[in-house]
Structure formats: C-alpha cells, structure tokens
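K.L.:
Any chance you could fold what I've pasted below:
(2 chains)
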Amino acid sequence: MELMASAKSIRQNIVRMVSRNGQGYLQQGLGAADLFTYLYFAEVSLDIHNPAWEERDRVFLSTAHNSALFHAVLAERGFFEHSRLETYTKDGSELEINVSERLGSVVEATCGSLGQALSVAVGVAQAAKRQNRTFRSYVILGDGELQEGQVWEAAMYAASNSLDNLCLIVDLNQLQVEGHTQEVMVMDPIDKKFQAFGWAVKNVDGHDFGALSAAFNQARSNRNVPTVILAHTIVGKGIPFLENQMSHNMVLPADVAEQCLKALECQA
Amino acid sequence: MKNLLHGDFTDKAVATSVPKYYGEALVALAQFDPRIVALTGDLAPATESDLFRDAFPDRFFTAGIAEANMIGVAAGMARCGDIPFVHSFSVFLTRRAFDQVAMQVAYPSLNVKLVGFLPGLTTLLGVSHQAIDDLTLMRVLPNMTVIEPAGASQTAAVVRAAAKINGPVYLRLHKAREPITNTAVEKNLEVGKGQLLRDGDDAVIFACGYMVAEALLAAETLYLSGINVTVANMHTIKPFDSEFVLKQSIRTGVVLSAENHSVIGGLGSAVAEVLAERPAGVDIEFKRIGISDTFAEGGTTAYLFDKYGLSARHIVAAVHDLLERR
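P.N.:
The predicted model follows:
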C-alpha cells in the first residue's frame, strides 16, 4: 500500500512538472512510475543523507529523458525537497530535462546519449567484483534503446565476465520517437536475444509490485550470470484517458493537466 | 618449431624481439599503485599491454573487438576508484568511440587514460588504421590532457606523468622498433611545458612525436647552409604552452609546426591559434607541416612521409620558403 501511495504522489508530481513546461516526457514517466517506485523504495540500498556513500547500490538511468519521473522519485525518496521540483527544466537548474550529474552523486552517469549506460554499469559491476565489494549495479534502459549496437557489446561483456552483481531493467513500453518500437525496428524476441547472449531473463508486469519483488529477488540469487528484467509497462498508466497513447513528447495544456490530477485523485 | 614473435604492424617486421618501453613502464607503475587496471580491445601484444596482462592477470580485462563498450566499462571502473589504462590503436580509441569518450570520460572528467598506438602515417595497415585526426578529436574535448612524447626515450616519463594527473589523458604513442640510442631528446618532461631541444635565432620549429626527430634532422641540414633554427618538442598538445610558443615565435619571427597528423586541428592549429591572437605589430611568417587535408594509404613510414610531405627535406624546404618571404 505504501508503494502505491508513493507511486501516486510521484505521478501527480510528473503531471505538475510536465504541465509547467506545457510539454514533456509525460507518458513514459507515468508508465514507469511503478517500476521506479519499487526500485528506489524497495530494492536498492541508498543513503539520502549521504548520496555519495561508497557502498551504495548504483542505479544508472540510461533513459535520461525520463527525467520528470526520475526527479519526482528522488524527491519522494527524500533526496531533496519537493519544492525543488518546481525548478525542473528552468534555466540554471540542476534538474535538467536530460538527467545530468550536475545534480550530484545520485546521478551515477550522464546518459542522454543512448546506448552507453549499460557499459558503464558493467564497468562498475566489474570493479565491484575485483575489489570484493558487495554493492550491486542496476541500469534502466528503454526498449527503443536496444537498437544501439553498444548495448549488445556490453551484454556480451557482462555474460563473458559472469557479472551476477549486474541487474539490467528494460522499460518495455513499446514507445519511441517515431512510434511503436516494433514498427520502427523489429526487435522481438527480446527475451530470447538476451538468453542467447548468456543472460538470465525474467519477463514481468511492470505495474505489479509482487511480480517485481519476485523478479528482483530472483536476480539477487542468480549466480555467475547477469540478469535482465524485462518490465512490461503501459505508457500513461494511472490516467485512463492517457493509457496507451503513444506520444514521446506530449503537449499538456493546463486544463488537461487538471483532468489528469483529478483522475489520479480518483484512484484507490 | 621455434616460438614466432608477434608483429607490430608499424612497418616491415624485424626478426628480433622489439623493446616494450611502454609496457614495461606501465608494469613498473602498477607495482606501486594497486588502483591501476588495464583494458584492451583484442590488441594486447600490439599495445604492449600483454606485459601488464602477464604481470597482473586479475587487473587486466579484455573487452574484445568492441571499443565503444570498452570506454564505458573503463568509465565505470574509474567511478569506483580504479585508474584504467585503455589500449587500442589511436584511431579506434578516438574516432570510433568519440561520443563515448566525450560523454563518459571527458564530461565527468574521470581518471581514465586512453593509450593509443599507430599515430599518423606510421603503419602499413592503411587508411582505416591511420590516426590522422586523433589530436584534433581529443584536443577539442574539455577536461582532456593530450600528450605525444618525442619517441621511446620519453615513454616512461609520459606514463608516470599521465598517472599523476587526476583526470582523463590521451597518450599518443609510437612503438619503438629498436633499443633507444638517440640521446638528443631529454627523457624527462614536464606536462604542459614546451621543451627546447636546440636553439637558433633564424626560425623555430614546433614539433611533436615522430616529427621531433625529423625536425632535428632538418635543423642539422639547415645548419650546414648557415641557418640556425630552434627546435621545440611540444609533447603536450593540451594544455598548450601558449606562452612558450608566443615567446619563441616573436624571438625568431619565422615559425613552422610539424606533426604526423592532419594540419587541421592538431599541433599546427594550436600554434596558429596562438599566433592569430599575438600582440599587434608583430610580424611572423608561419607554415604548417602535416598531412594536407587528405586521406593516405598503407605503406612504409619512410615512403608515406616522403609522399605526404612529412620528411626532414620538406621541413628544410619550408624553412627556406619562409625565410625568403621575409
């Protein structure tokens, strides 16, 4: 229940943040809100009072444009005050539309250029192994991003080096700039591709906290192989009239934003 | 059958084992600094990192033939306190993985050392393997230090210098083919400081890397015809010793840059930028020696240097030309 309440608050903040700008990454934020909530509230070890804590789990956000969601999650988790969300995308703000490490250690790398974060997460996992450290390396990729060749270079490296402290989460929302992922580039079967690359693969409903819990627990217990969690998410999730509306950068007038907030309020 | 040696792709193979000054220097350094790790993209022998691999197998990582990923992996390691030395041919580290270097190494200013071999036209392997724009690409990146030593005698010094810098460094190295005999170049160097190798009042040649030897040869020839030139080793392309360049340029009034690299964006451009912003009223004649905005082809170094205008004789001719202009 607490996770649901957090996710609801996060969705409300996403709507407010995008609405202030009139447009933005609304749909993918709403879509991945449950996934991010589970990851940041129930899975990873972080210290909100010391974001640079050396033994923290590392979370790399490769979908750096999913920034309304990311910043809303950090505020909800207590890394900074909610009022700071009002500076999102404002000139001079550290809360940029593509998440930047100008914000501090809670941003593990600056990943707006897609396809690079898995490699960095792999390097962190490899260094942790060599240094006998117990933190884990998490990385969130979008599904469209799997079209970048570097992702598969990194996937090969991770399996070759038995990086079982690495957990890749793919936000499978089927949305990219030019439309539905399958229409832009045929990528299925994604699970079999990762299996062929030597990964442990788990398909999961990205809105089901119980299923997410089971998947992350399984990932922790996998030995000698990296794990990918293929989290199936629905863009616009939580606001009935937005669900499944395939817009990468949605225009959000003030009156529609009001309706969004009302719809979220009606949620259990 | 006897053990055959690995070739080095620089020129015709030599029958005897070639020295590995870089590899030895890295191993020596790593013995005292456990943070140093090494990565290669399937080029351990050609980049001399095989010595590190054999000495520290637990600190050596092969990334396969996948440079973009290798850069990212190194960045992740650096974020955990390691000091990764990343090895490949210069062209693949810089041109192929440019965005990865820019975003994951230079922007966060991580402690990653990029070690590239086969600079410029020093390889038989042809246009795909010739790094003629790597200085340009690395020099344009904020936070990056760019160093090309003047041959094998300075290799150990640049390895130590790179490790001392807490940030990204690009080392442009040329494999030695025989034991060091040339003592004209001081083996130590100070990063960011031009190095005076020969003093003369008639002209100054700013050279880097392989071209330092060519410049010294040219200076000998010029001396025989009564022309005394200064030769400076500009081993650090960035941060550039602008003050030194300006001072030597004003003193002689005749300036030549010489690099085993395109004339666009590298040492010649760095010198040109300094000269373009010189104080008013200073008269200077200037020319760049380098690859003239063209791709080359595979061949021996001597052949290619002669064909593309990088030999000592080209430097001599250019100095005569500049002196005539005055």
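K.L.:
What are the buried residues along the host helix or strand of residue B:274?
P.N.:
For residue B:274, the host element (DSSP states H and E) is helix B:267-276. Neighbour counts over helix B:267-276 (16 or more other CB atoms under 10 Å in any protein chain shown) mark B:267-271, B:274-275 as buried. Placement of C-beta: from N, CA and C, glycine included.
K.L.:
For those residues, could you give me TSV that also reports pLDDT?
P.N.:
What follows is the buried residues of helix B:267-276, written out as TSV (pLDDT from 0 to 100):
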residue	pLDDT
B:267	98
B:268	98
B:269	98
B:270	98
B:271	98
B:274	98
B:275	98
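K.L.:
give me the subset of those touching chain A.
P.N.:
Among the buried residues of helix B:267-276, no residue is within reach of chain A (CB under 8 Å from any CB of the partner chain).
K.L.:
Return the residues in contact with residue A:226.
P.N.:
A:125, A:155, A:158-159, A:163-164, A:166-168, A:199-200 (CB atoms under 8 Å, 6 or more residues apart in numbering or on different chains).
K.L.:
Tell me the buried residues within those.
P.N.:
A:125, A:155, A:158-159, A:163-164, A:166-168, A:199-200.
K.L.:
Just the pLDDT at residue B:19, thanks.
P.N.:
pLDDT recorded at residue B:19 is 88.
K.L.:
Counting by contacts, list what the helix holding residue B:274 packs against.
P.N.:
helix B:134-139, strand B:203-207, strand B:236-238, helix B:242-252, strand B:254-262, strand B:285-291 (3 or more CB pairs under 8 Å, 6 or more residues apart in numbering or on different chains; DSSP states H and E).
K.L.:
how about these, which one is nearest chain A?
P.N.:
Chain A lies closest to helix B:134-139 among the helices and strands packed on helix B:267-276, at 15.9 Å (CB to the nearest CB).
K.L.:
could you say which helix or strand contains residue A:203?
P.N.:
strand A:200-205.
K.L.:
Quick one: mean pLDDT over that strand.
P.N.:
Strand A:200-205 comes out at a mean pLDDT of 98.
K.L.:
What are the contacting residues of that strand?
P.N.:
By CB under 8 Å, 6+ apart, the list of residues contacting strand A:200-205 reads A:191, A:194-195, A:211-212, A:214-215, A:218-219, A:222, A:225-232.
K.L.:
Tell me the first helix or strand C-terminal of that strand.
P.N.:
helix A:209-221.
K.L.:
quick revisit: looking at the buried ones among the contacts of residue A:226, which one is closest to chain B?
P.N.:
residue A:125 (7.5 Å).
K.L.:
So residue B:84 is in contact with residue B:114, correct?
P.N.:
No: Residue B:84 lies out of contact with residue B:114 (CB atoms under 8 Å); the separation is 9.3 Å.
K.L.:
quick one: the closest residue in space to residue A:75 that isn't next to it in sequence and residue A:230, what's the gap?
P.N.:
Of all residues not flanking residue A:75 in the chain, residue A:82 sits nearest, at 4.8 Å (CB to CB, 6 or more residues apart in numbering or on different chains). Distance from residue A:82 to residue A:230, counting by CB to CB, to the nearest Å: 32 Å.
K.L.:
Please say which of those two ends up with more neighbours.
P.N.:
residue A:230 (19 against 13; other CB atoms under 10 Å in any protein chain shown).
K.L.:
if we can go back for a sec, buried residues of the strand holding residue A:203, list them for me.
P.N.:
A:200-202, A:204-205.
K.L.:
Could you do stretch A:128-135 as well?
P.N.:
A:128-129, A:135.
K.L.:
Let me see the mean pLDDT of that stretch.
P.N.:
98.
K.L.:
So which residue is dead centre in chain A?
P.N.:
residue A:140 (4.6 Å; CA atoms, centre = their mean).
K.L.:
For the helices and strands packed on helix B:267-276, give me a markdown table that also has distance to residue A:176, mean pLDDT and mean neighbour count.
P.N.:
Shown next, in a markdown table, are the helices and strands packed on helix B:267-276 (distance: least, CB to CB, whole Å; pLDDT from 0 to 100; neighbours: other CB atoms under 10 Å in any protein chain shown):
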| stretch | distance to residue A:176 | mean pLDDT | mean neighbour count |
| --- | --- | --- | --- |
| helix B:134-139 | 29 | 98 | 26 |
| strand B:203-207 | 49 | 98 | 29 |
| strand B:236-238 | 38 | 98 | 23 |
| helix B:242-252 | 46 | 98 | 17 |
| strand B:254-262 | 37 | 98 | 28 |
| strand B:285-291 | 41 | 98 | 21 |
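K.L.:
Run through the helices of the stretch 1-150 of chain B in chain order.
P.N.:
B:21-32, B:50-55, B:67-79, B:90-91, B:98-100, B:134-139 (DSSP state H, counting those that start in this stretch).
K.L.:
for these, which one sits closest to chain A?
P.N.:
Here helix B:67-79 is closest among these (CB to the nearest CB), at 2.1 Å.
K.L.:
and that closest one, does that touch chain A?
P.N.:
Yes: residues of helix B:67-79 are located near chain A by CB under 8 Å from any CB, namely B:68-79.
K.L.:
Tell me which two of these sit farthest apart.
P.N.:
B:68 and B:79 (17.3 Å; CB to CB).
K.L.:
ok so, going back, from the buried residues of stretch A:128-135, which single one is nearest residue A:1?
P.N.:
residue A:135 (28.8 Å).
K.L.:
So that closest one lies in a strand, does it not?
P.N.:
No: under DSSP: H, G, I helix; E, B strand; the rest coil, residue A:135 sits outside any strand and is assigned coil.
K.L.:
Wait, it touches residue A:58, no?
P.N.:
Yes: between residue A:135 and residue A:58 there is a contact under CB under 8 Å: 6.6 Å.
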